[in-house]
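**Student:** Show me the folded form of this:
(2 chains)
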Amino acid sequence: MKKKEWQAGLDCLDTDVVEGYVLQKEKLEAKRKARGILLRAGAVAACFALILSAVVFVPLLQKGDTPSDTTGAELNGDTTTTAEEIPNTLPQVSTIKLGNKLTGKQELTLGGLDSGESNAEMLAPGFYIGTVVEATVTEVLPDEYYVPGQGRPPFRVAKLNVADEIIGKGLPQEIFLKFPFYSADVFDSYDTFIFSLEQVGVENYMMVNENSREITYFPHMFTTAVITDLGYGSVIAFNDGKVEKSFWSRANHYSFVEKYIGTALESPELYFYPVGNDTTIDEAKANILKLAAISEEENFFVGGYSGDYVCADDVFCTDEARGVKEYLAPSESNTFVHRLIIYSDRVCAVYTRVINGFVTEEKIAFNTSFEGEIKYFGSSYTADALSNAPDIGAVIEGMDLSEITPPHIEITDEMSFRHANVSGVYRNVEGKIYGIVRVMWYYTLSDIYNGYLRDDLYLLYDESGEGKTVEREELRDIIGDDTFIARFSYNEWLGYVVK
Amino acid sequence: MSRKKINTAKLPLDDGEIIELYFARDERAIDETDIKYRKYLFSVVYNVLGDRLDSEECLNDTYLGAWNAMPPTRPCVLKAFLTTLARRAAIKRYYKGQKKSGIPSEMTVSMSELEDIISDDGDVDAYFDAQALGRSISNFVRSLNERGRYVFMSRYYMSVRIDVIAAELGVSRSTVNKELAEIRRALKEKLESEGYLI
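**Tutor:** Numbers count the residues shown, from 1 in each chain, chains lettered A, B, ... in the order given. The predicted structure follows:
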């Protein structure tokens, strides 16, 4: 590993690890300060005691009396209670089901003028060349949601009815769009939109905690984020069939965006922009297709950078790679999701197998810089094994988290439930496929601690579809020392005392 | 006649209030961040760069980064968020000015301890996935005990001097060195098992 790679890896540490360190550092500093204060206070107290003994105790002793005992503060008793005694703090989690699972059956196409046969027809970093749809908003869910541990702003969710797929195909009729909370008014004000989406239809479920509106995605869940490949107006809003507004979803400052878009709307031809003021929906669609054709022909990615444009031929550039492409083709309940790492002189495409919407350990990496070299990671899944994979999506869908209690930690009445989440993966051990579901609980003690306490539970499903609860060690014996198995210590607070 | 001394030092705002200033696009956000975290952030970047002037400039980059990131980002722990930004800015500057010869920074020294794991700087491998490595290192850090976590993060993430870590933990320098050696051994094993050191 190179130094730069090591540093880049450190730069991508999970937020909770850095937060844990900062909290630990503050805890140590607080301890040191307290020790310093104690030492100083001790010195003062010692001097005071000497003076006091000289003034009070010596005369008393001389009289032969001793001072009466004083009772010290009582020690706090054990205040722990069992989970059953405090039912109100238990998780109240509901599930919002979002759209369909990502499966091979959907034949989802990520973009491109020609609707391809697999997900791999046209690629771009982060799937920037996306599906473009005309859609109407049927409902904006009323609440704001957070993704715990990501430090991101709250978001809202809108349900959209797809009226037309302008680029791409295979979308469900109803899709769900996640957007920043500050864009909420956009979705109340216009009757029709044209969106360009990073990827759609691959989401599964959101677990929503009723107490704190926090959400955990399953690891495979891709957001239907709006992107910028329609020029600098990834959301074009129509009223009465004509363009009324255009929004740039990635902007932090709407004033800037509106100014920029204002210019683009007035002179669209200068900005490769598909719409101007009063463009109709049909004209907008035709212009989008024209711009996409230019991008196809000239290897030019409209609204982005030429280097961003990558097509399937760039990745599958050797006979061997083209052979593997067959292997990547979707099948029943199974597909590969992919992402690209773009360098100035090469592209690396990494494909990860997903079964029933849950990731596996199998990855295949294509590198265009070393004569199309291909690397394989993890175990490969045979067609037979795939057909026997247990459906952990159905397991999770049927779960009622409010009926499951954390098995390892003792819940005290000072603790408050923060959120719980469920995630799942598939693992292939010597040809046997296991589906593993993990439930994780987070508790806080916010008045006293800045931090949290966690617990976890694992459900293991084998090919027979039979499931059982397993402890970490047992799971390790079966699937090995897998990163999916959490490593935190039970009953250990990640945090520090602030009072 | 002696004048009564008045303490004019400003009390720092709460993190939540500072974040609100960022969200309100109020430039006092940067002043308040500077008041509260300058000393700490300076130490973060200085450990990486080992140069006072570079560190000052890097602090400005950090504040600008915070201004650009909030909104939309609303960090849970502001100090940790700023730490990440400061470190990122410092690493960028470190590699930019790497050809300058001079006294090696603490980060250069700490990286040299990892010579069994990391090699000289070359091009980043085409297959390299920083996020996957980040997850692996995160899992490794979580697997350590509380003190191990602190020692690892201090030395290899924050590039803190070994004697400073020892003083913070109230142990001897050799104790920290021994723990670091043990951590490096375990880290090497972990990274090897995941195919990073092939």
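
**Student:** wait, what's in contact with the residue of chain B at minimum distance from chain A?
**Tutor:** Closest contact between chain B and chain A, by Cβ to the nearest Cβ, is at residue B:134 (2.6 Å). Heads up, the C-betas are built off the backbone N, CA and C, glycines and all. Contact partners of residue B:134, counting by Cβ atoms under 8 Å, 6 or more residues apart in numbering or on different chains, are A:8, A:9, A:10, A:11, A:12, A:13, A:14.

**Student:** Which of those residues has the largest number of neighbours?
**Tutor:** residue A:9 (24 neighbours; other Cβ atoms under 10 Å in any protein chain shown).

**Student:** Where does whichever residue of the stretch 201-350 of chain A sits closest to chain B fall, secondary structure wise?
**Tutor:** In the stretch 201-350 of chain A, no residue comes nearer to chain B than residue A:348, which is 4.7 Å away by Cβ to the nearest Cβ. In the assignment (DSSP states H and E), residue A:348 maps to strand A:347-355.

**Student:** Now that strand: buried residues?
**Tutor:** A:347, A:348, A:349, A:350, A:351, A:352, A:353, A:354, A:355 (16 or more other Cβ atoms under 10 Å in any protein chain shown).

**Student:** Render the CA-only coordinates of it in CSV, please.
**Tutor:** Taking Å, rounded to 0.1, in the frame of the first residue of the first chain, the C-alpha atoms of strand A:347-355 are listed here in CSV:
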residue,chain,number,x,y,z
VAL,A,347,-11.0,3.8,-15.3
CYS,A,348,-11.6,1.2,-12.7
ALA,A,349,-15.1,-0.3,-12.6
VAL,A,350,-16.0,-2.4,-9.6
TYR,A,351,-19.1,-4.7,-9.7
THR,A,352,-20.6,-6.0,-6.5
ARG,A,353,-23.1,-8.8,-6.5
VAL,A,354,-26.5,-8.1,-4.9
ILE,A,355,-29.0,-10.8,-4.1
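
**Student:** Could you look up the next helix or strand downstream of it?
**Tutor:** Once the chain leaves strand A:347-355, the next helix or strand it forms, by DSSP H and E, is strand A:358-367.

**Student:** what pairs with that next one, and is each one parallel or antiparallel?
**Tutor:** According to DSSP bridges, the neighbouring strands of strand A:358-367, each with its direction, are strand A:347-355 (antiparallel), strand A:373-377 (antiparallel).

**Student:** worst average pLDDT in these?
**Tutor:** Looking over the strands paired with strand A:358-367, mean pLDDT reaches its minimum on strand A:347-355, with a mean of 78.

**Student:** mind listing what the residue in chain A that chain B sits nearest to touches?
**Tutor:** Proximity to chain B, evaluated over chain A using Cβ to the nearest Cβ, is greatest for residue A:12 at 2.6 Å. Taking Cβ under 8 Å, 6+ apart as the definition of contact, the neighbours of residue A:12 are B:130, B:131, B:133, B:134, B:135.

**Student:** how does it look with 10 Å?
**Tutor:** B:84, B:129, B:130, B:131, B:132, B:133, B:134, B:135, B:136, B:137, B:138 (Cβ atoms under 10 Å, 6 or more residues apart in numbering or on different chains).

**Student:** ok, of the residues you listed, which come out buried?
**Tutor:** So, by 16+ other Cβ under 10 Å, the buried ones in those are B:84, B:129, B:130, B:132, B:133, B:134, B:135, B:136, B:137, B:138.

**Student:** Nearest spatial neighbour of residue A:439, chain-adjacent residues omitted?
**Tutor:** Nearest residue to residue A:439, sequence neighbours excluded (Cβ to Cβ, 6 or more residues apart in numbering or on different chains): residue A:457, at 4.5 Å.

**Student:** what's near enough to touch that neighbour?
**Tutor:** By Cβ under 10 Å, 6+ apart, the residues touching residue A:457 are A:404-408, A:420, A:422, A:437-441, A:469-471.

**Student:** Which ones among these map onto helices?
**Tutor:** By the criterion of DSSP state H, membership of the contacts of residue A:457 in helices covers no residue at all.

**Student:** which one of these is nearest residue B:91?
**Tutor:** The nearest member of those to residue B:91, counting by Cβ to Cβ, is residue A:440 at 31.4 Å.

**Student:** how deep is that closest one tucked in, by neighbour count?
**Tutor:** Counted with other Cβ under 10 Å, residues neighbouring residue A:440 total 17.

**Student:** Which ChimeraX command selects the buried ones in the contacts of residue A:457?
**Tutor:** Selection of buried members from the contacts of residue A:457 for ChimeraX, criterion 16+ other Cβ under 10 Å:
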select /A:404,405,406,420,422,437,438,439,440,441,470
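
**Student:** for the residue most central in space within chain B, phi and psi?
**Tutor:** Nearest to the mean C-alpha position of chain B, counting by Cα atoms, centre = their mean, stands residue B:158 at 3.8 Å. Recorded main-chain torsions at residue B:158 are phi -100, psi -10, according to degrees, to the nearest 10.

**Student:** Is it correct that it is in contact with residue B:87?
**Tutor:** Yes: taking Cβ atoms under 10 Å as the contact criterion, residue B:158 and residue B:87 are neighbours in contact, 7.4 Å apart.

**Student:** hmm, back to that, which of the contacts of residue A:12 fall within strands?
**Tutor:** Applying DSSP state E to those, no entry is found in strands.

**Student:** before we move on, the earlier item: as CSV, the strands paired with strand A:358-367 with distance to residue A:485 would be great.
**Tutor:** Output for the strands paired with strand A:358-367, formatted as CSV (distance: least, Cβ to Cβ, whole Å):
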stretch, distance to residue A:485
strand A:347-355, 19
strand A:373-377, 19
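
**Student:** With respect to residue B:143, which of those lies nearest?
**Tutor:** Residue B:143 lies closest, by Cβ to Cβ, to one member of the strands paired with strand A:358-367: strand A:373-377, at 21.3 Å.

**Student:** before we move on, the earlier item: quick check: chain neighbours aside, which residue is closest to the residue of chain A closest to chain B?
**Tutor:** Nearest-residue entry for residue A:12: residue B:134, 2.6 Å, with adjacent residues in sequence omitted and distances by Cβ to Cβ, 6+ apart.

**Student:** Please report how far the one you found lies from residue A:245.
**Tutor:** In this structure, residue B:134 and residue A:245 are separated by 38 Å, where distance is defined by Cβ to Cβ, to the nearest Å.

**Student:** give me every residue that touches the closest residue to residue A:485 other than its chain neighbours.
**Tutor:** Take residue A:485 and drop its neighbours on the chain: the residue closest to it by Cβ to Cβ, 6+ apart is residue A:472, 5.3 Å away. Residue A:472 sits next to A:408, A:456, A:458, A:485, A:486, A:487, A:490 when contact means Cβ under 10 Å, 6+ apart.

**Student:** Need the phi and psi values for the fifth one.
**Tutor:** Spelled out, it's residue A:486. Residue A:486 adopts backbone torsions of phi -70, psi 160, taken as degrees, to the nearest 10.

**Student:** how many neighbours does it have?
**Tutor:** Look at residue A:486: counted by other Cβ under 10 Å, it has 15 neighbours.

**Student:** Would you confirm that it contacts residue A:438?
**Tutor:** Yes: contact criterion Cβ under 10 Å: residue A:486 and residue A:438 qualify, at 7.4 Å.

**Student:** Going by neighbour count, list what's buried in the one helix or strand residue A:476 maps to.
**Tutor:** Taking DSSP H and E as the criterion, the element that holds residue A:476 is helix A:472-479. Neighbour counts over helix A:472-479 (16+ other Cβ under 10 Å) mark A:475, A:479 as buried.
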